[in-house]
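Trainee: have a look at this prediction, sequence included:
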Amino acid sequence: MNEAYIVAAVRTAGGRRNGRLSGWHPVDMVAQVINALIDRVNADPAQVEDVFMGCVSQIGEQSTNVARNAVLASKLPESVPGTSIDRQCGSSQQAVHFGAQAVMSGVMDMVIAAGVESMSRVPMFTPSSLPQKHGMGTYISSTISTRYNGAAFSQFAGAELLAKKHGITKEHMDAFALQSHQRAIVATRNGLFESEIVSLPARLADGSEPGDLHTIDEGIRFDASLQSIAEVKLLEKGGLISAATASQIADGASAVLIVSEAGLKTLGVKPLARIHHMSVLGGDPVIMLETPIQATERALARVGMNIDDIDLYEVNEAFASVPIAWVQALGADPARLNVNGGAIALGHPLGASGTRLMTTLVHALEQRGARFGLQTMCEGGGMANVTLLERL
């Protein structure tokens, strides 16, 4: 089987809801990221054979195959196709898997895996709530409802269930949230994100442009303290989780360029990493967010490794309970987890987060001279992707 290599990985700095990226049409935003990706390795745009793009809210400005529309808005020629993927929060991590599978099978030599989400312009839940409002029903069929005894499929309820199942306290999650901001602050101040961030002109929701470039993740709270986090109102009465211990609604785009051995020779570049393993697993859709644990255990068993063999982990901070439960269950080293902060500080632009985490992981491996990196994400419906990378 052929190998699949990552040769470039880029992302926007995260934009807060109605913030500095909210004036960008999502198609144009991700097209700029694709252009920057191509420029990183001076690739001939015509040599890209397909674009796999994650996007969760495929409606409105993100509808009608956002991947193809992004191609048409970019420097890629019309001959490059594109397809859009919805595996919920893992959509662009799945885009990497599909792209790598195409390369490893020998069908293609150069593909782009990307993700985009403008949560300012296309609010979360719009694909389900808007049709339901107009009498088009819900995605939960009577058969599903019967199978799960009418249980609600809610990420918020799942995060609470996960915390209670694994004995995670509010105080633990508050401290974890503060750590996410602190690590992101250190990474920002030390310039660790500079090699991965594509600078875009700031563009506000009203269409105005302040005249500067958006280069710093807007969700980082540089004045965060344990007290300020602890005082944030809980999401539900009697619960454990607040908005401060959940991922931030955000706008953003990200992309990686995946090539074969032939693609490496064509570009004449050194790969950043080799894709060592890919897998995906389904689990309980009610607790929903626990599957990264089982998916990681299965992935490590398949490659004959244990958690201590992995140098860095990126586990999406959808809620603080997710990475905390993952670390506890696997006996992982918390010092290797989300070393430059995670979605609590950097934001979680849904469909863009998979390749955002991968971009950060690839660059962190390079900066630290580390060898193996693991990425996993909880996903709606109780799923989780796992990707193992080896820095070369």
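Mentor: Thanks, I have the structure now.

Trainee: so how far is residue 190 from the residue nearest to residue 38 when sequence neighbours are not counted?
Mentor: In this structure, residue 38 finds its nearest non-sequential neighbour in residue 45, 5.5 Å apart by CB to CB, 6 or more residues apart in numbering. In short, each C-beta sits where N, CA and C put it, glycine included. Distance, residue 45 to residue 190, by CB to CB, to the nearest Å: 33 Å.

Trainee: between those two, which has more neighbouring residues?
Mentor: The neighbour comparison of residue 45 against residue 190 (other CB atoms under 10 Å) goes to residue 45, with 16 against 11.

Trainee: was I right to think that one contacts residue 71?
Mentor: No: between residue 45 and residue 71 there is no contact under CB atoms under 8 Å: 9.6 Å.

Trainee: common neighbours of the two, please.
Mentor: residue 80 (CB atoms under 8 Å, 6 or more residues apart in numbering).

Trainee: ramachandran angles for the residue nearest to residue 38?
Mentor: As for residue 45, its main-chain torsions (degrees, to the nearest 10) stand at phi -50, psi -30.

Trainee: for the protein, longest helix please?
Mentor: As assigned by DSSP state H, the longest helix anywhere in the chain is helix 170-189.

Trainee: in it, which residues are buried?
Mentor: Of the residues in helix 170-189, those buried under the neighbour-count criterion (16 or more other CB atoms under 10 Å) are 170, 172-185, 187-188.

Trainee: stretch 15-27 too?
Mentor: Within stretch 15-27, the residues that count as buried by 16+ other CB under 10 Å are 15, 16, 17, 18, 19, 20, 21, 22, 23, 24, 26, 27.

Trainee: likewise for stretch 281-293?
Mentor: 281, 283, 284, 285, 286, 287, 288, 289, 290, 291, 292, 293.

Trainee: same question for stretch 147-166.
Mentor: 153, 155, 157, 158, 159, 160, 161, 162, 163, 166.

Trainee: follow-up on the earlier one: tell me how far the residue nearest to residue 38 lies from residue 271.
Mentor: With CB to CB as the criterion, residue 45 and residue 271 are 20 Å apart.

Trainee: lowest average confidence, helix or strand, in the chain?
Mentor: None of the helices or strands of the chain scores lower by mean pLDDT, DSSP states H and E than helix 126-133, at a mean of 93.

Trainee: quick check, distance from that one to the centre of its chain.
Mentor: Here helix 126-133 is found 24 Å from its chain centre; the criterion is CA atoms, centre = their mean, to the nearest Å.

Trainee: and for stretch 349-358?
Mentor: 2 Å.

Trainee: for that stretch, measure first residue to last.
Mentor: One end of stretch 349-358 to the other measures 14 Å (CA to CA, to the nearest Å).

Trainee: can you pull the contacts of the spatially most central residue of the chain?
Mentor: Nearest to the mean C-alpha position of the chain, counting by CA atoms, centre = their mean, stands residue 353 at 1.7 Å. Applying CB under 8 Å, 6+ apart to residue 353 gives the contacts 89, 92, 93, 115, 117, 254, 316, 343, 377.

Trainee: can you list the buried residues in the helix or strand hosting the second one?
Mentor: Looking back up the chat, that one is residue 92. Assigned by DSSP states H and E, residue 92 falls within helix 91-104. By neighbour count on 16+ other CB under 10 Å, the buried set for helix 91-104 is 91-104.

Trainee: okay, it in PDB with CA atoms only?
Mentor: Output of helix 91-104 as PDB, limited to C-alpha atoms (Å, rounded to 0.1, in the frame of the first residue of the first chain):
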ATOM      1  CA  SER A  91     -16.000  16.400   9.500                       C
ATOM      2  CA  SER A  92     -12.600  17.700   8.400                       C
ATOM      3  CA  GLN A  93     -10.800  14.900  10.300                       C
ATOM      4  CA  GLN A  94     -12.800  12.600   8.100                       C
ATOM      5  CA  ALA A  95     -11.900  14.700   5.100                       C
ATOM      6  CA  VAL A  96      -8.200  13.800   5.900                       C
ATOM      7  CA  HIS A  97      -9.100  10.200   6.200                       C
ATOM      8  CA  PHE A  98     -10.900  10.200   2.800                       C
ATOM      9  CA  GLY A  99      -8.100  12.100   1.200                       C
ATOM     10  CA  ALA A 100      -5.400   9.900   2.600                       C
ATOM     11  CA  GLN A 101      -7.400   6.800   1.600                       C
ATOM     12  CA  ALA A 102      -7.500   8.100  -2.000                       C
ATOM     13  CA  VAL A 103      -3.700   8.600  -2.000                       C
ATOM     14  CA  MET A 104      -2.900   5.300  -0.200                       C
END
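
Trainee: what packs against it?
Mentor: When contacts are defined as 3 or more CB pairs under 8 Å, 6 or more residues apart in numbering; DSSP states H and E, helix 91-104 packs onto strand 50-54, strand 82-85, strand 110-118, strand 250-259, strand 273-282, helix 353-368, strand 383-391.

Trainee: centre of the chain to the third one, how far?
Mentor: Using CA atoms, centre = their mean, the mean C-alpha position of strand 110-118 is found 11 Å from that of the whole chain.

Trainee: following the least confident helix or strand of the chain in sequence, what is the next regular element?
Mentor: Defined by DSSP H and E, the subsequent element after helix 126-133 is helix 142-147.

Trainee: immediately after that following helix, which helix or strand?
Mentor: Defined by DSSP H and E, the subsequent element after helix 142-147 is helix 155-165.

Trainee: quick check: residue 374 is in a strand.
Mentor: Yes: using DSSP: H, G, I helix; E, B strand; the rest coil, the assignment for residue 374 is a strand.

Trainee: list the beta-bridge partners for it.
Mentor: Legend: beta-bridge partners of residue 374 under DSSP bridges are residue 313, residue 388.

Trainee: check the one 5 residues further on too.
Mentor: In this entry, residue 379 is beta-bridged to residue 383, by DSSP bridges.

Trainee: check what pLDDT it gets.
Mentor: On the pLDDT scale, residue 379 is placed at 98.
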